[in-house]
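Peer 1: structure for the following, please:
(chains A and B)
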Amino acid sequence: MKYYITTPIYYINDKPHIGHAYATFVADTFARYHRLKGADVFFLTGTDENSTKNVEAAREKGYSDIQHYLDMQSAEWQTAWKELGITNNDFIRTTEERHKQGVEQFFRLVHEKGDIYKGTYQGLYCTGCEAFLRESDLADGLCPFHKKKPELIEEQNYFFRASKYRAALLEHIEKNSDFIQPVSRRNEIVNYIKDHFEDISISREKIEWGIRLPIDDSQVIYVWFDALINYLTGIGYGWDEKLFARYWPADLHIVGKDIIKFHCALWPAMLLSAGLQLPRRVFAHGFFTIEGQKVSKSLGNAIDPVQLCAIYGIDVVRYFLLREIPLGGDGDFSELRLQDRYESELAKGLGNFTSRVLTLAEKCEATVFEAAAIPAEQEAARAVADLRYAWENGFEQCVLHESLAAIHDLIAWADRYIDKTKPWALLKEDNKTAVQTLSILLELLRQASLFLYPFMPHTAAAIRERLGLSGIAGDGVAWLQWRAERIHSVSKKENLFPPLAPKP
RNA sequence: CGCGGGGUGGAGAAGUCUGGCAUCUCGCUUGGCUCAUAACCAAGAGAUCGUGGGUUCAAAUCCCACCCCCGCAACCA
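Peer 2: Residues are numbered from 1 along each chain as shown, chains lettered A, B, ... in the order given. All right, here's what the predicted structure looks like:
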């Protein structure tokens, strides 16, 4: 089984902020889950470098050598993802030669298909949107999104015959109910395709930065047409057909809710034209506010994910973002709520459970913990199997907060089990039963570490270390079996989630 | 007819597509426990599910109307 997942490629006119990190963490969590399940995973992210915005940013910052600026910025993004422990398999930049080759190849295919034609375009172009607007889109003559007066542009452009694929797209969406998620977005897209999806100008005459049209080098390819193709060129399209064949089609595109039209209408239409398979699923995550206010640099509330992780730890931030905001919805990022969740769910929940089990296990002085032929063993295995179903379902249905809930249920179940069996009392009276009971508890902890791994990889490793187990290197499908690994040399070590230092 | 999100115990949320005893976390009350990070377990109080209609045996959920809140200059997922 292969699994190919992508994030959007990001504009690099500034540093990554918490919103970018969120989308990337989400994708990374899926990638880790599928690796754990033994899939052949390819996880791609990258940077969108052919946008006019980048060029403007470079100029503003005084760089005359645009490519040099892009190299620096892209490097900064790659460093950020590395520091945040993102496990992308590759990183695609749209100014790379391999991308350019793929785009040219793709363009030729679409051209040969007869889906490119030359026309005169007269329209209102908003550089904020990187798109032409209709008269009816405007509010008081301004772009409704950017409150900016669009420029009247009249030029000879090449058009992509998107309208030709309208019916096929609608049919595909109808037949594949999972294609666009969440459902509310699907409805939005269906309306959009029915009412507004028309042939689109895919070249620009007066822009100097970008990929030249293979059939007319006086024109540059429209940035979205170019950018979307990263999902192909990132896995070999145009430069390694074997690799490409191994991973295409994408199993999941993670995108922001603002760019679903491009991903759910234009992109599939492009693929249909090129005769390529469509991605299996596009999932639109929501946006969040920061302490109730929108993300905004002028308000100074843009959060640097690297800094945030330096304070709380990567796992805690990942956990919080995925726990606090149901995937697909909008949410609010609040540091106070992060601290609340840290205290109640991580320190007092997971951390305390780990701590009490390990302490008890150390006290009983056993060196190896194995399965015992007692009813409790079966009961625990059954409980975990049920929870695993919920956990897996959360990933399959893109409702990750339900997977996290399954982890909490597992810990709650185990905490209740401790209370019921009172191992601290058993240790005094009946060491054999105590070892059996603790053995079950340690297995529950091991199971928890696996459930936790996609969300909190470092914490999972820390728990496993305490159980005398190796780190998770993928291919953990066998490990998920009850009692799949032998637990030995248990050691408590320091607490997983120490109390937070009081904030000054 | 611009686009979108939301209104559910004191706080924050899930549930709404696919109707079926109103769920979770925090806080509060009471009891238990002493292995554990003053942690854990149990019981309990607390909700006209924004409003008004409609459909239905049954509505937070479906339909209609309405009220209110939030985001949409630039940066920006």
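Peer 1: ok, and the closest non-adjacent residue to the residue in the stretch 401-504 of chain A positioned nearest to RNA strand B?
Peer 2: Per Cβ to the nearest atom of the strand, residue A:424 is where the stretch 401-504 of chain A lies closest to RNA strand B, at 3.2 Å. The way it works is simple: take the backbone N, C-alpha and C, and place the C-beta from them, glycine included. Closest residue to residue A:424 apart from its sequence neighbours, by Cβ to Cβ, 6 or more residues apart in numbering: residue A:360 at 6.5 Å.
Peer 1: just give the number of residues close to the one you found.
Peer 2: As a burial measure, residue A:360 scores 21 neighbours (other Cβ atoms under 10 Å).
Peer 1: and it, how far from RNA strand B?
Peer 2: From residue A:360 over to RNA strand B the distance is 5 Å, taken as Cβ to the nearest atom of the strand, to the nearest Å.
Peer 1: can you list the residues of the stretch 301-450 of chain A near RNA strand B?
Peer 2: Selection of the stretch 301-450 of chain A residues close to RNA strand B by Cβ under 7 Å from any atom of the strand yields A:302, A:326, A:329-332, A:337, A:340-341, A:344-345, A:347-349, A:351-352, A:354-356, A:359-360, A:363, A:399, A:401, A:408, A:412, A:415-416, A:418-419, A:422-425.
Peer 1: so which of those residues belong to strands?
Peer 2: Among those, DSSP state E puts A:331-332 in strands.
Peer 1: which of the residues of the stretch 301-450 of chain A next to RNA strand B fall within helices?
Peer 2: A:337, A:340-341, A:352, A:354-356, A:359-360, A:363, A:401, A:408, A:412, A:415-416, A:418-419, A:423-425 (DSSP state H).
Peer 1: PyMOL command to pick out the buried ones of the residues you listed?
Peer 2: The PyMOL selection below is limited to those of those classed as buried (16 or more other Cβ atoms under 10 Å):
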select buried, chain A and resi 341+352+354+355+356+360+401+408+415+418+423
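Peer 1: now do the helices in the stretch 1-150 of chain A.
Peer 2: A:18-36, A:52-60, A:66-83, A:97-112 (DSSP state H, counting those that start in this stretch).
Peer 1: out of the ones you listed, which is closest to RNA strand B?
Peer 2: So among these, helix A:18-36 is nearest, using Cβ to the nearest atom of the strand, at 2.7 Å.
Peer 1: next one: the closest one to chain centre, how far?
Peer 2: How far helix A:18-36 lies from its chain's middle: 4 Å, per Cα atoms, centre = their mean, to the nearest Å.
Peer 1: that helix and RNA strand B in contact?
Peer 2: Yes - if you take Cβ under 7 Å from any atom of the strand as the test, helix A:18-36 does meet RNA strand B, through A:19-20, A:22-23.
Peer 1: cool, and stretch A:91-105?
Peer 2: No - Stretch A:91-105 stays clear of RNA strand B (Cβ under 7 Å from any atom of the strand), getting no nearer than 14.2 Å.
Peer 1: and the end-to-end length of that stretch?
Peer 2: 20 Å (Cα to Cα, to the nearest Å).
Peer 1: can you report phi and psi for whichever residue of the stretch 201-350 of chain A sits closest to RNA strand B?
Peer 2: Nearest residue of the stretch 201-350 of chain A to RNA strand B (Cβ to the nearest atom of the strand) works out as residue A:256 at 1.7 Å. Per-residue torsions, residue A:256: phi -80, psi 160 (degrees, to the nearest 10).
Peer 1: just list whatever residues bridge to it.
Peer 2: residue A:285 (DSSP bridges).
Peer 1: quick check: which ranges of the stretch 351-500 of chain A have low pLDDT?
Peer 2: Low-confidence segments of the stretch 351-500 of chain A, defined by pLDDT under 70: A:473-476.
Peer 1: let me know how buried the closest residue to RNA strand B within it is, in neighbour terms.
Peer 2: Closest approach between the stretch 351-500 of chain A and RNA strand B, counting by Cβ to the nearest atom of the strand: residue A:351, at 1.9 Å. By the criterion of other Cβ under 10 Å, residue A:351 has 19 neighbours.
Peer 1: surely it is in contact with residue A:496?
Peer 2: Yes - using Cβ atoms under 8 Å, residue A:351 is in contact with residue A:496, at 4.4 Å.
Peer 1: which of the residues of helix A:18-36 next to RNA strand B tops the neighbour count?
Peer 2: Highest count within these by other Cβ under 10 Å belongs to residue A:22, 24 neighbours.
Peer 1: distance of residue A:162 from RNA strand B?
Peer 2: 20 Å.
Peer 1: next structured bit after the lowest-mean-pLDDT helix or strand in chain A?
Peer 2: Counting by mean pLDDT, DSSP states H and E, chain A has its least confident helix or strand at strand A:131-133, which shows a mean of 66. Following strand A:131-133 in sequence order, the next helix or strand is strand A:151-160 (DSSP states H and E).
Peer 1: which residues touch that next one?
Peer 2: When contacts are defined by Cβ atoms under 8 Å, 6 or more residues apart in numbering, strand A:151-160 is touched by residues A:110, A:115-127, A:132, A:199-206, A:213, A:215-216, A:219, A:225, A:269-270, A:273.
Peer 1: partner strands of it, with direction?
Peer 2: Next to strand A:151-160 in the sheet, as set by DSSP bridges, lie strand A:116-126 (antiparallel), strand A:200-201 (antiparallel).
Peer 1: grab the nearest non-local neighbour of residue A:357.
Peer 2: Nearest non-adjacent residue to residue A:357, counting by Cβ to Cβ, 6+ apart: residue A:441, 4.8 Å away.
Peer 1: confirm that that neighbour sits in a helix.
Peer 2: Yes - secondary structure assignment places residue A:441 in a helix (DSSP: H, G, I helix; E, B strand; the rest coil).
Peer 1: quick check: residues of the stretch 151-300 of chain A near RNA strand B?
Peer 2: By the rule Cβ under 7 Å from any atom of the strand, the part of the stretch 151-300 of chain A lying against RNA strand B is A:183-184, A:188, A:191, A:255-259, A:285-289, A:293-298.
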